[in-house]
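In: Starting from these lines, generate the structure:
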Amino acid sequence: MTHDYADFDLTITTAEDSELEPELPLEVLHYVQPGIVEERFVRAVGKGMASIGWGGRWPDDAEAERPGVAGYDGVEVVFNGDDVSLSQPADHHTVFVHVGKWGDLPRAEKLAAHLGSTVLGDDQLGW
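Out: Take a look at the predicted model:
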């Protein structure tokens with residue numbers, strides 16, 4: 001992945017799959033209201049790898065290492081993959097909780113516990 005930017009003349013919402021396939025992998029940053037595109041996105045991904053994320057800011061927590069940071073806090077679902085960089089395909093989906101630019105394991109553990117879950121695996125460099 002080079003993170004280089006190139007001109008892209010296709011309109012993703014109307015282009016045929018056969019037109020988009022040679023352009024893969026695509027990284028698209030587009031802000032939409034929740035509940036508008038999720039089902040269509042999942043259907044389009046099929047067995048391919050992709051992610052969808054929701055940014056925000058975690059509530060302040062006196063026990064956290066650092067306060068929440070709007071530019072780095074959020075949740076991301078990686079479809080058919082095990083890592084946030086989309087380099088490890090898998091037969092399942094993985095949820096990542098982004099907690100600040102430098103990470104905050106206690107905050108991530110508390111958020112997971114709030115949902116009745118736990119943090120699995122090592123931390124990864126995300127957004």
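
In: Let me know the pLDDT of the residue most central in space within the chain.
Out: With distances taken as C-alpha atoms, centre = their mean, the residue of the chain nearest its centroid is Glu76 (3.0 Å). Reading off the confidence values, Glu76 has pLDDT 91.

In: swap in Gly81?
Out: Reading off the model, Gly81 has pLDDT 94.

In: Distance of the spatially closest residue to Asp60 that is not a sequence neighbour relative to Thr94?
Out: Excluding its sequence neighbours, the residue lying closest to Asp60 (C-beta to C-beta, 6 or more residues apart in numbering) is Pro67, at 5.6 Å. In short, each C-beta sits where N, CA and C put it, glycine included. Applying C-beta to C-beta, to the nearest Å, the value for Pro67 to Thr94 is 26 Å.

In: What are the boundaries of the helices in the chain?
Out: 17-20, 38-45, 105-114 (DSSP state H).

In: Out of the ones you listed, the one nearest Asp61 is which?
Out: Among the helices of the chain, the nearest to Asp61 by C-beta to C-beta is helix 105-114 (6.3 Å).

In: Now do the contacts for Asp61.
Out: Contact analysis of Asp61 by C-beta atoms under 8 Å, 6 or more residues apart in numbering lists 68, 107, 110.
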